[in-house]
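> With the sequence up front, the predicted model follows.
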Amino acid sequence: LRRAQKAALTMVLPTIGSESFPRTKRFDARDRLALIHNAKRRTTGVDVAGLDAQIAEKKVLALAEAELTRAHDLRTSALDNRLVILEQERRGIQADLNRNVVAYRAEHQGKHTRREYDLSDPSGLRNETPARLGDDDVRNGASGMQKFSGEDLFAGERRVQQTKQASSWYAAQTAEKELRKTNAREQKKQHGDLIAEQEQYQNDVFDAQAFARRSHAVATRAQNQHMANERKDELVTQKARRKALDDAEFSHADKDPFLTEDPRVAVSSLASHRVRPDHYKGASVHELAATAAFQAEQRVARKARDLELLQEEALVASHHENTRKALEMNAERVEQFRAEQRAAVLATVIGQRGEKFDNDQNDRAERFGSGRFGEAYFNGFGTSAR
């Protein structure tokens, strides 16, 4: 097979470097170097002719590989078909041998031809007859015994009556058992429906509580966001007002000739080169006292604002704490309700198990404790000369 593959490749593939196999830039380093150093060709694009030659080479290789694979598959299929035919012939010969063996055994080696067949005949007792079938039995002559001690000529009829009675009794027991099974299935179905309704109720309560919690959380979040926005707006307003006051104060301080110590104010009226002795050099004691009093008022106002903010934060924290406690109380009530439901279900299941155990005990006692027989069973006794 390898020699065939090599011959096929030799016939299909052209020789590298021949006229049927043109040289590409993959095999010619000088042409590739010339293309690399040629700036015009390098910036124009790729070598399409070289790529086409490579694609054609790959297609030729793929066709050769496909042809080899097809030849290998055809030979494998032929060999497999031949092996299948040989296996079928072998199985046919073996089947004929087995049939011949079975036919020979059935014809010449039957069980009744064995010496010890009478010792292991499964139908020997069934085919045997009593010593006397009746008063007109031809096997008993004039000197033969006419009656045997303990014989029971009506045993067959009595067995038939007993079988019928047992069949009716079994049918009654089967009907009663089927009725109990039907009642048990109905009770089980009702119990399953009750459990399903309880679970559905629990799921509805859980969903309702979850929806209430989500709604409360959404409302709380919205209220907190609203309060935060109001506080943010108030802070922005206070900051803007404070900035406006500061800007006004700075502007007044920059423009006030008294505070800026304008030299024009300090010029004496007696001569332009003289300076007034009462020129501003600092604040007076009364001005400093007024400034200190105003700063004290500002500190008191600041403390009052801080106290109001603390009271607002405490109110918000108390609201959140009350909400958390309410949610915890709801969760405890739900858990208590679920525990009560589980306890009720457990009590119902225990009661049903006890009832089933009592029914089984009564059924077992009724079935095996008291075996009753009909009148036909007792009428068979004393009818013969036993």
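All right, it came through fine.

> rest of the way, CA atoms for contacts and neighbours
Will do.

> Tell me the first helix or strand C-terminal of the helix or strand where residue 105 lies.
Residue 105 belongs to helix 48-108 when assigned by DSSP states H and E. Next along the chain after helix 48-108, taking DSSP H and E as the criterion, comes helix 124-127.

> can you tell me the average pLDDT over that next one?
The pLDDT scores in helix 124-127 average 80.

> who's in contact with that helix?
Residues from elsewhere that reach helix 124-127 (CA atoms under 8 Å, 6 or more residues apart in numbering): residue 118.

> ok, now stretch 193-206?
The contact list for stretch 193-206, computed with CA under 8 Å, 6+ apart, reads 334, 338, 341, 345.

> One more pass at 7 Å, please.
For stretch 193-206, there are no surrounding residues in contact (CA atoms under 7 Å, 6 or more residues apart in numbering).

> Buried residues, that stretch. List them.
Using 16 or more other CA atoms under 10 Å as the test for burial, stretch 193-206 gives 198, 202.

> likewise stretch 104-123?
For stretch 104-123, it's none, nothing buried (16+ other CA under 10 Å).

> Pull that stretch out as PDB, backbone CA atoms only.
Only the C-alpha atoms of stretch 104-123 are listed here, as PDB (Å, rounded to 0.1, in the frame of the first residue of the first chain):
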ATOM      1  CA  TYR A 104     -30.300 -36.800  15.800                       C
ATOM      2  CA  ARG A 105     -30.900 -36.300  19.500                       C
ATOM      3  CA  ALA A 106     -34.600 -35.900  19.000                       C
ATOM      4  CA  GLU A 107     -34.800 -39.000  16.800                       C
ATOM      5  CA  HIS A 108     -32.400 -41.500  18.500                       C
ATOM      6  CA  GLN A 109     -31.800 -40.200  22.000                       C
ATOM      7  CA  GLY A 110     -35.300 -39.500  23.500                       C
ATOM      8  CA  LYS A 111     -35.900 -39.400  27.200                       C
ATOM      9  CA  HIS A 112     -38.300 -42.400  27.200                       C
ATOM     10  CA  THR A 113     -35.500 -44.600  25.800                       C
ATOM     11  CA  ARG A 114     -33.400 -44.200  28.900                       C
ATOM     12  CA  ARG A 115     -33.200 -47.100  31.400                       C
ATOM     13  CA  GLU A 116     -33.900 -44.900  34.400                       C
ATOM     14  CA  TYR A 117     -36.800 -42.900  32.800                       C
ATOM     15  CA  ASP A 118     -39.400 -44.500  35.000                       C
ATOM     16  CA  LEU A 119     -37.600 -43.200  38.100                       C
ATOM     17  CA  SER A 120     -37.600 -39.600  36.900                       C
ATOM     18  CA  ASP A 121     -40.800 -39.400  34.800                       C
ATOM     19  CA  PRO A 122     -42.400 -36.000  35.800                       C
ATOM     20  CA  SER A 123     -45.900 -37.200  34.800                       C
END
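
> what's the offset of that stretch from the middle of its chain?
64 Å (CA atoms, centre = their mean, to the nearest Å).

> mind listing the helices for this protein?
2-12, 29-37, 39-44, 48-108, 124-127, 155-255, 263-266, 285-368, 375-379 (DSSP state H).

> which other helices and strands contact the helix holding residue 105?
helix 2-12 (3 or more CA pairs under 7 Å, 6 or more residues apart in numbering; DSSP states H and E).

> before we move on, the earlier item: who wins for proximity to residue 117 among the helices of the chain?
Minimum separation from residue 117 across the helices of the chain (CA to CA) falls at helix 124-127, 9.9 Å.
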